[in-house]
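Colleague: With the input below, show me the fold.
(one chain, ligands or ions: 3)
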Amino acid sequence: MTDESSNASGERRRPAGSVRHPAEHSAANEPPPSGQTLAAAQVTGQGLSRRDWLKGGARGVGLLGFGAAAGFLGTRESKAATRWQIDPNQCIQCGRCATACVLEVSAVKCVHSFSMCGYCKLCTGYFEPEPINLDEGAENQLCPTGALQRKFIEDPYYEYSINKDLCVGCGKCVKGCNMFGNGSLYLQVSHDRCVNCNICAIARECPAQAFRQVPVTKPYLLRGKGAAGK
Ligand code: SF4
Ligand code: SF4
Ligand code: SF4
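Modeller: Residues are numbered from 1 along each chain as shown. Ligands and ions are numbered 1, 2, ... in the order given. Have a look, this model is predicted:
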């Protein structure tokens, strides 16, 4: 038996235990283009212009995009009635989401609730605890892959978004945001990547019992304006 194998959809799997940088992955490991497009609306906040931000009307746009992805997947895969998901209120950002998934690149990604974010200049999810400078230098950033990116809005506000293709689900930014910020960054299983294992390998290792099976019709546990009842 080899260390790596492929599932029916061609997604390469790997044993638990190592985080690999996305640059090491082949194109075959990337999600299908349709999934990428839908999910990208959530994690990158693309299309959120400065004017939109100032009007406030587009906050949470990304979460709606993630919801759209959920709807798409709900119709694409109708057999299983449930999906694995992380309760962001239970997660303690232990780091195992990056290493325990059966996929070569974890199906868990960071997502962002724009409606909860403070658009802080000094973002504790973005910067190392003691940065050399408060700028975009890689040495100042907490994210090991450069997946958490920021855009200047107007002094002193910055907008933070996640490049999903670079995110490995390590949760470092989430921990920083939860410790000193508003908790607007959090982890979710991205259903355009997850193969919905009968028993999720991360759930088995999760020390906080944060994983649970949710209805396929509502496969995300969102914070902020995208959350149920808000
Ligand atoms: S394994 Fe559990 S506690 Fe650890 S980062 Fe994942 S969801 Fe959070
Ligand atoms: S620090 Fe955040 S954005 Fe960067 S890889 Fe880890 S979870 Fe993803
Ligand atoms: S069910 Fe769990 S282990 Fe399987 S692909 Fe999804 S997140 Fe990874």
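
Colleague: CA atoms for contacts and neighbours, from now on please.
Modeller: Fine.

Colleague: Checking residue 202 next. Helix, strand or coil?
Modeller: Secondary structure state of residue 202, per DSSP: H, G, I helix; E, B strand; the rest coil, is helix.

Colleague: How much space separates it from residue 148?
Modeller: Using Cα to Cα, to the nearest Å, residue 202 is found at 23 Å from residue 148.

Colleague: Same drill for the two, tell me which one is more crowded.
Modeller: Neighbours per residue (other Cα atoms under 10 Å) separate residue 202 from residue 148, with residue 148 holding more: 25 against 22.

Colleague: tell me which residues form a beta bridge with that one?
Modeller: Residue 148 has these beta-bridge partners by DSSP bridges: residue 162.

Colleague: Correct me if wrong: it contacts residue 126.
Modeller: Yes - Residue 148 is within contact range of residue 126, at 6.8 Å (criterion: Cα atoms under 8 Å).

Colleague: list residues touching both of these two?
Modeller: Shared contacts of residue 148 and residue 126 (Cα atoms under 8 Å, 6 or more residues apart in numbering): residue 173.

Colleague: right, and residue 134 touches residue 122 too?
Modeller: Yes - using Cα under 8 Å, residue 134 is in contact with residue 122, at 7.3 Å.

Colleague: worst-scoring helix or strand of this protein, pLDDT-wise?
Modeller: The least trusted helix or strand in the chain, going by mean pLDDT, DSSP states H and E, turns out to be helix 33-43, with a mean of 34.

Colleague: So which residues on this structure come close to ligand 3?
Modeller: Within the chain, the positions near ligand 3 by Cα under 6 Å from any ligand atom are 84, 101-103, 107-108, 189, 194-197, 200-202.

Colleague: nearest to ligand 2, of those residues?
Modeller: Lowest distance from ligand 2 to these (Cα to the nearest ligand atom) belongs to residue 108, with 8.3 Å.

Colleague: now residue 150, what's its secondary structure?
Modeller: Classification of residue 150 using three-state DSSP returns strand.

Colleague: Measure how buried the closest residue to it other than its chain neighbours is and give me the count.
Modeller: Once flanking residues are discounted, residue 150 sits nearest to residue 160: 4.4 Å by Cα to Cα, 6 or more residues apart in numbering. Here the number of neighbours of residue 160 (other Cα under 10 Å) works out to 24.

Colleague: Same question for residue 130.
Modeller: Residues near residue 130, counting by other Cα under 10 Å: 9.

Colleague: Next one: it, what pLDDT does it get?
Modeller: You'll see residue 130 listed with a pLDDT of 87.

Colleague: Next up, the contacts around it.
Modeller: Going by Cα under 8 Å, 6+ apart, the list of residues near residue 130 reads residue 140.

Colleague: my read is it is in a helix, agree?
Modeller: No - using three-state DSSP, the assignment for residue 130 is coil, not a helix.

Colleague: Now do it against residue 160, distance only.
Modeller: 19 Å.

Colleague: what's the answer for residue 89, then?
Modeller: Residue 89 is 21 Å from residue 160, by Cα to Cα.

Colleague: Could you do residue 200 as well?
Modeller: In this view, residue 200 and residue 160 are 30 Å apart by Cα to Cα.
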